[in-house]
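> predicted model and sequence below, questions to follow.
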Amino acid sequence: MAKPFSISVNSTQKQVDAKVLPVISRRSSAIFFAVRIFLPLLLVCSIYLPEHYTFSVDRTSPPSEVLKNLSTIPVKDVLDEVAAILSGTSFAVSDSRRKSMADALLEGQLIAPGLQSGPVPLIGWPADLLHGGPSFQLTLASLELENLLLEEFEHSGDRRYYQVARDRILAFAVWEAQQRSPIAFLWNDHAIAARISVMVRLWQHLRGDTDATVAQKEALIGLVMRSGELLAKPKLFTVRTNHGVMQNIALLQIAAAFPLLPKTKYWRDLAIERLDLQLGFYVSDEGVVLEHSAGYHLLGTQLLAAAARLIRLNGMAPSERLVGAIQGTEQFSRALLRPDGTLPAFGNTDVGSRHALTVISDVETSRPKKFVAPFSPPAETAALFPISGYALWWSHSPVPAQTVVAWANHLQHGHKHADEPSLNIWSRGYAWITGTGYWPYGLEGFAEANGWAGSNAPHSMNEPAGSHRQARLRGAGNEGPLRVADIEVCRRSGMCVRRQVVQLSAEQLIIVDETSNSDATQETLWTTDPRLTLRQIGKLNFASSTTETGQELHIALAGNVDPEVALLRGSMTPFAGWVVSKGSPRPADAIRVTYRGADVATATLIEVTELLNVLSLQSFSRKDSEDWRVALTHSQGDVIVERKGRNVSIKKSSETSSVTFTEPPEITERQVALRSAMKKALHRYPPWRDLSAYHFRLLVLIALLWLVTEVGILALRNSIRQQTWLQLSPLAGWIALALWIHYSYLT
């Protein structure tokens, strides 16, 4: 009986399996299908959620009691002072033009030639924010239009300006509150910081306006609170540049102007703490803002003074470190500023703009004071800043003249141009030898102006602006009117450029440039003041038009190989002959010098003089970098400039004078301290990158991969049912893709 029983059991089991296995198979397939949907969705969330969290802020309305008390606290004088601390962009127009611009804004038209070629109709947000290039969008996002209207209202008393500014800012507040992801410059670090002062300016009028509603006040204070949240977010803090300093200043402005907001104390303390962290690398102990730019040094001077005053307005005292930095930057600013208020055009600096100097006039109150041109020229000086990378000479015979030699290259610091070692020469109101300056963002030529073609530093043709290189000061010295500097810049390839600058008098210089271990054509561009017109005299001599005071610029060349020279003006290909003045590129004459050879040396004579007193470059001979001779002739006799070892001598008839190159001070320890401070700051506040464009590409890629995978599974469903591991293979693929995205593609 056992055998029939056994047959019965097996038969029953087969019948059960025939019914159960398809059910299990269907459940298994459903589970695997759900997992195949879940993993891509999880991957999409892992890509998008960090961005959502970055811009996620508390959007609650201000407490009614706080809103009521802010109508009287703080006093009007504090609001006025806070509103006057501006860190935004401006239209760079005269006062008379600003009124006409404000009148056009009342009609819904923006007329700003420096930003747009023609009138721009103002439609509202976000449309207004999407016009033009980066400079235009930053200006709009900074609420500079509305600030202009409020200023005109304060000046004229015409309420139309106030009403349009109020309505536009409140409309912006309503729109901004609805956003969950960045668009254009909406949440740009600079833009957020810049519009705080504009909101303070509006609040000082709105809180006393009897026609203002509670909803309007809530909208404005809500925008202030959300801005504070964004400014305080660690991921959005730009610690390595002046943008981070602006963010801290903006938080201090909020704390001073809106002291009753719930997070005011936290924002104030955070701003002071972060600013102290930045001071470890933002300013050298020589008093120079390390942003490779005369313009941004002057801005840094202004920002630090504003920070000190805001700390006082918040009832605290600035640290000794901050006070010391302010004093140092002020001293360097006074040396940079020329009598007419212009600055030498190294880095992002406008060549023609007249600048003001902001200083702390009262240490006890940290109250700033602004000085405008004309400035008194500094005394005769030959100042050296080896840590920061500058030599700055002022001479007074026959006239005040400034010469700046720049070789600064501080990794990860802002506004770096490819310009080391470069030269700026100024006297009699002319930038005789200059760089191109601060090219507008988004405009054709931007990359070239920031690259080697925007300076007069010797370089290889087509050399990238970011080429790895190391600059060092080999020596410098001064004796009476004679000044010398010797700088070497070496590339990773082994090519080295060495520039020796010898200043014979206020307006006479000899520059000896040497290039070694080069396998490419070398180039140097000598750009001149846009008001000058150069003419070529022979092959290697140039003279400018005569100025109103009777002077001319003379440039003469000589070398151990024959260079090719070309006189260019306003050229895009090759890029040469441009100077940015008051925000707009202007054509200027430039001499393009090219030469080829593994070891090349050239001598350049640059002189500003009257026609009867012209020096002539007769010859240049060289044995090595520290043994060369330049022969000049003059109406009063020959002049020989000669270097032997560390000594440079100048022989004029029976008179000989000399100057010695002294060894530069040891700066390694101080450089390490600066790099260490930057590294510490970046470790705490890693740079945030806008990856939205990459996110969209990934979304498309993930959708396509999922579709292809599912089609493949459907086509191979019979094989997959028999081999379970095939159902798991897409899961492994999604995991591998996630690892690649987060540890390679988005890093």
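Received, thanks.
> which of the helices or strands spans the nearest residue to W706 once chain neighbours are set aside?
Spatially, and ignoring its direct neighbours in sequence, W706 is nearest to P40 (5.0 Å; CB to CB, 6 or more residues apart in numbering). To be clear about C-beta, it is placed using only N, CA and C from the backbone, and glycine gets the same treatment. Applying DSSP states H and E as the criterion places P40 in helix 2-54.
> show me the contacts for the residue nearest to W706.
I702, L705, W706, W734 (CB atoms under 8 Å, 6 or more residues apart in numbering).
> got TSV for these, with neighbour count and distance to S319 too?
Putting the contacts of P40 into TSV (neighbours: other CB atoms under 10 Å; distance: CB to CB, whole Å) gives the following:
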residue	neighbour count	distance to S319
I702	20	50
L705	16	54
W706	18	56
W734	20	52
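> and those, which is closest to I196?
I702 (39.2 Å; CB to CB).
> how much space separates the closest one from R207?
50 Å (CB to CB, to the nearest Å).
> show me the helices in the stretch 601-747 of the chain, by range?
668-684, 692-715, 717-722, 724-740 (DSSP state H, counting those that start in this stretch).
> where among those is average confidence lowest?
Mean pLDDT per stretch puts helix 717-722 lowest among the helices of the stretch 601-747 of the chain, at a mean of 61.
> what residue spans form the domains of the protein?
In terms of domains, the chain is parsed into 1-54+691-747, 63-232, 381-610 (source: automatic domain parsing).
> export those domains to TSV and tack on distance to L674?
Below are the domains of the chain laid out as TSV (distance: least, CB to CB, whole Å):
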stretch	distance to L674
domain 1-54+691-747	26
domain 63-232	23
domain 381-610	7
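> pick the most buried one from those domains.
Comparing these by mean neighbour count (mean count of other CB atoms under 10 Å), domain 381-610 ranks first with a mean of 20.
> if we can go back for a sec, what about the domains of the chain, which gets the closest to S653?
domain 381-610 (14.6 Å).
> re earlier: quick one: which of the helices of the stretch 601-747 of the chain is nearest L504?
Nearest to L504, of these and by CB to CB, is helix 668-684 at 32.2 Å.
> list of residues touching the closest one?
234, 239-240, 277-278, 280-281, 284-285, 290, 387, 410-413.
> before we move on, what about stretch 405-413?
240-241, 281, 290-292, 344, 346-347, 388-392, 416, 419-424, 469-471, 473, 485, 487, 489, 499, 501, 674-675, 678, 682.
> correct me, but F281 touches E291?
No. Assessed by CB atoms under 8 Å, F281 is found out of contact with E291, at 10.7 Å.
> who touches A83 in this structure?
Counting by CB under 8 Å, 6+ apart, A83 has contacts S197, V198, V200, R201, Q204, A257.
> which one is it nearest to, not counting chain neighbours?
Using CB to CB, 6+ apart, the closest residue to A83 is R201 (3.9 Å).
> helix, strand or coil: sort out that neighbour for me.
helix (DSSP: H, G, I helix; E, B strand; the rest coil).
> from the contacts of A83, which single one is nearest D690?
V198 (23.8 Å).
> pLDDT score for the residue nearest to E507 when sequence neighbours are not counted?
Closest residue to E507 apart from its sequence neighbours, by CB to CB, 6+ apart: V608 at 3.9 Å. The model reports V608 with a pLDDT of 96.
> tally of neighbours for G341?
16 (other CB atoms under 10 Å).
> correct me, but P585 touches F446?
No. Here P585 does not reach F446: they are 9.9 Å apart, not a contact under CB under 8 Å.
> list the residues that contact both of these two?
With CB under 8 Å, 6+ apart as the test, P585 and F446 both reach W439, P440.
> and the strands in the stretch 351-500 of the chain, which stretches?
357-362, 367-371, 381-385, 390-395, 401-406, 422-427, 430-433, 459-460, 469-479, 482-491, 496-505 (DSSP state E, counting those that start in this stretch).
> give me the contacts around the second one.
Strand 367-371 is touched from outside by Q302, A305, A306, A308, R309, R312, A356, L357, T358, V359, I360, S361, with contacts defined as CB under 8 Å, 6+ apart.
> let me know which of the domains of the chain is the nearest to L336.
That would be domain 381-610 among the domains of the chain, by CB to CB, at 7.3 Å.
> using JSON lines, lay out the strands of the stretch 351-500 of the chain together with mean pLDDT and distance to K644.
Formatted as JSON lines, these follow (pLDDT from 0 to 100; distance: least, CB to CB, whole Å):
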{"stretch": "strand 357-362", "mean pLDDT": "92", "distance to K644": "42"}
{"stretch": "strand 367-371", "mean pLDDT": "94", "distance to K644": "45"}
{"stretch": "strand 381-385", "mean pLDDT": "96", "distance to K644": "21"}
{"stretch": "strand 390-395", "mean pLDDT": "98", "distance to K644": "22"}
{"stretch": "strand 401-406", "mean pLDDT": "98", "distance to K644": "22"}
{"stretch": "strand 422-427", "mean pLDDT": "98", "distance to K644": "24"}
{"stretch": "strand 430-433", "mean pLDDT": "98", "distance to K644": "27"}
{"stretch": "strand 459-460", "mean pLDDT": "95", "distance to K644": "29"}
{"stretch": "strand 469-479", "mean pLDDT": "96", "distance to K644": "14"}
{"stretch": "strand 482-491", "mean pLDDT": "97", "distance to K644": "13"}
{"stretch": "strand 496-505", "mean pLDDT": "97", "distance to K644": "13"}
